[in-house]
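Asker: Sharing a sequence plus its predicted fold:
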Amino acid sequence: MKPVIDHIQITVKDLKKAEVFYDKLMPLLGFDLTKKSKGQVAAHEFEVVEYVHPLLTIGFNSPRKTFEAEDVHRRKPGSLHHLAFRADSENEIDELYIEIVKTGALIVDPPKFYPQHGKHYYALFFKDLDGIKLELVYEKN
């Protein structure tokens with residue numbers, strides 16, 4: 001088996017708000033909005049918005065009613081710590097940085113080298129409207 005991720009599902013606090021944000025972000029990351037789908041899984045009490053790319057599908061789910069008042073925190077057991085997308089170059093990250101700022105994302109750390117993660121590790125760290133941490137990274141071999 002090859003270690004390839006097929007899809008990721010992330011529960012957000014407010015799906016409608018998240019959809020507006022991710023409709024701006026996902027095309028910047030190579031997703032085609034015409035491939036976006038929406039659905040409901042009544043048996044598990046959630047709605048989902050999925051962004052489909054030939055290499056990966058990312059879905060955002062509404063919270064179960066029992067948990068909708070809870071805050072998102074990446075350090076809780078079982079939580080997504082962060083999601084990193086591989087860029088093709090440092091320049092691509094620099095160009096996307098300008099567009100990501102326009103989405104309303106909270107910039108945690110701007111594009112630069114982060115030697116604590118590797119000698120050639122160039123990245124941008126930001127959060128969505130719920131505080132879910134995302135990253136763009138390029139690392140020369």
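Answerer: Sure thing, it's come through. Residues are numbered from 1 along each chain as shown.
Asker: Can you give me the buried ones in stretch 29-43?
Answerer: For stretch 29-43, a neighbour-count test (16 or more other CB atoms under 10 Å) marks 29, 31, 36 as buried. (Each C-beta comes from the backbone N, C-alpha and C, glycine too.)
Asker: do stretch 130-138 as well
Answerer: Buried-residue list, stretch 130-138, by 16+ other CB under 10 Å: 130, 132, 133, 134, 135, 136, 137, 138.
Asker: Name the nearest residue to residue 68, ignoring sequence neighbours.
Answerer: residue 13 (7.1 Å; CB to CB, 6 or more residues apart in numbering).
Asker: Quick check on that neighbour: phi, psi?
Answerer: Note on residue 13: its backbone torsions stand at phi -80, psi -40 [degrees, to the nearest 10].
Asker: likewise residue 70?
Answerer: With angles defined as degrees, to the nearest 10, residue 70 sits at phi -80, psi 150.
Asker: what sits against it?
Answerer: By CB atoms under 8 Å, 6 or more residues apart in numbering, the contact set of residue 70 is residue 63.
Asker: now the one 3 residues further on
Answerer: When contacts are counted by CB under 8 Å, 6+ apart, residue 73 touches 79, 131.
Asker: just the helices in the chain please.
Answerer: Counting by DSSP state H, the chain has helices at residues 15-28, 90-102.
Asker: tell me the most buried of the ones you listed?
Answerer: Highest mean neighbour count of these: helix 15-28, a mean of 17 (counted as mean count of other CB atoms under 10 Å).
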